[in-house]
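Participant: Just the structure for this:
(one chain, ligands or ions: 2)
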Amino acid sequence: MRPLSLFFLLLFVVILPSFFYLKASIHTREQITPLPEINKDVITGPVVMPQLGNATIKAELGRSSWNLLHTMMGRFPEHPTTDEKEALRSFIYLFSRLYPCGECATEFQAILARYPPQVSSRVAASQWACAVHNIVNQRLQKEIFDCGTVAEKYKCGCDDEKNA
Ligand SMILES: Cc1cc2nc3c(=O)[nH]c(=O)nc-3n(C[C@H](O)[C@H](O)[C@H](O)COP(=O)(O)OP(=O)(O)OC[C@H]3O[C@@H](n4cnc5c(N)ncnc54)[C@H](O)[C@@H]3O)c2cc1C
Ligand SMILES: *[C@@H]1O[C@H](CO)[C@@H](O)[C@H](O)[C@H]1NC(C)=O
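Facilitator: Ligands and ions are numbered 1, 2, ... in the order given. Got it, this is the predicted structure:
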């Protein structure tokens with residue numbers, strides 16, 4: 001094959017198609033809005049949702065939310081990195097902003113102001129969550145939970161990380 005026809009062959013079969021493919025994929029990527037830097041105001045801002053009147057739904061939402069929170073703490077690393085600690089702290093504050101029961105969220109934000117999230121370890125986070133749940137229990141005149149049993153109740157396989 002002559003060098004010139006080899007050049008055109010390569011141009012049409014390899015070079016041009018890959019150029020247009022790359023151009024298209026860069027274009028698609030540009031259309032995805034990048035995540036903004038989350039600033040402190042976003043993390044610690046005010047409650048978003050309105051009042052949730054229905055007591056049945058409020059209680060059901062509460063049970064599933066506490067289960068999520070306690071299970072999250074029960075599986076949080078025993079020795080978290082700085083990044084992991086900050087992720088959990090931000091999550092808790094954002095959870096308090098976005099909790100779907102507005103009046104509950106307002107109360108919870110007041111609790112957070114007095115009892116800031118403890119994120120230094122699994123034990124610290126679990127005990128903190130148990131304590132704030134007990135504050136809510138107290139306000140709703142429910143039984144106080146024994147926080148000594150919280151690791152057992154929400155361990156979800158954490159004793160054996162390989163099977164978790
Ligand atoms: C952040 C938040 C704020 C809330 N604020 C309000 C509010 O202002 N008004 C309102 O009416 N409802 C509120 N709720 C809902 C309320 O806390 C209950 O979830 C709901 O009333 C159902 O109660 P329950 O008796 O089924 O048990 P829940 O309190 O939902 O607890 C579920 C189970 O968790 C276990 N448990 C109990 N205490 C603890 C603890 N301290 N640590 C670990 N495990 C525990 C027990 O096994 C219990 O059965 C809130 C829920 C959340 C998550
Ligand atoms: C609350 O919600 C439940 C479940 O959707 C419903 O059965 C019940 O009728 C509602 N109660 C009121 C007072 O609206």
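Participant: The closest residue to ligand 1 within the chain: which element?
Facilitator: Nearest residue of the chain to ligand 1: residue 62, at 2.1 Å (Cβ to the nearest ligand atom). Just so you know, the C-beta spots here come from the backbone N, C-alpha and C atoms, and that holds for glycine as well. Assigned by DSSP states H and E, residue 62 belongs to helix 55-75.
Participant: any idea of the angle the following helix or strand past that helix forms with helix 55-75?
Facilitator: Where DSSP H and E defines the elements, the next helix or strand beyond helix 55-75 is helix 82-98. Between helix 82-98 and helix 55-75, the angle comes out at 170 degrees (axes from the mean of the first three to the mean of the last three Cα atoms, to 10 degrees).
Participant: my read: residue 70 touches residue 133, true?
Facilitator: Yes: the pair formed by residue 70 and residue 133 meets the contact definition of Cβ atoms under 8 Å, at 7.5 Å.
Participant: The residue lying closest to residue 139 once chain neighbours are set aside in helix, strand or coil?
Facilitator: Among residues not flanking residue 139 along the chain, residue 107 sits closest, at 7.1 Å (Cβ to Cβ, 6 or more residues apart in numbering). The local conformation at residue 107, judged by DSSP: H, G, I helix; E, B strand; the rest coil, is helix.
Participant: thinking again about what came up before, which outside residues touch the helix holding residue 62?
Facilitator: With contacts defined as Cβ atoms under 8 Å, 6 or more residues apart in numbering, helix 55-75 is touched by 52, 88, 91, 95, 99-101, 104, 122, 125-126, 128-130, 133, 150-151, 153-156, 158, 164.
Participant: Buried only: go through these for me.
Facilitator: 52, 88, 95, 99, 101, 104, 122, 125-126, 128-130, 133, 150-151, 154, 158 (16 or more other Cβ atoms under 10 Å).
Participant: if we can go back for a sec, in the helix holding residue 62, what's buried?
Facilitator: 61, 62, 65, 66, 69, 70, 71, 72, 73, 74, 75.
Participant: out of those residues, who's nearest ligand 2?
Facilitator: The nearest member of the buried residues of helix 55-75 to ligand 2, counting by Cβ to the nearest ligand atom, is residue 61 at 11.0 Å.
Participant: Quick check: the gap between the closest one and residue 14.
Facilitator: Note on residue 61: its distance to residue 14, by Cβ to Cβ, to the nearest Å, is 57 Å.
Participant: how about residue 43, what does it touch?
Facilitator: 90, 93, 94, 97.
Participant: mind giving me TSV with these and columns for distance to ligand 1?
Facilitator: Output for the contacts of residue 43, formatted as TSV (distance: Cβ to the nearest ligand atom, whole Å):
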residue	distance to ligand 1
90	16
93	12
94	12
97	11
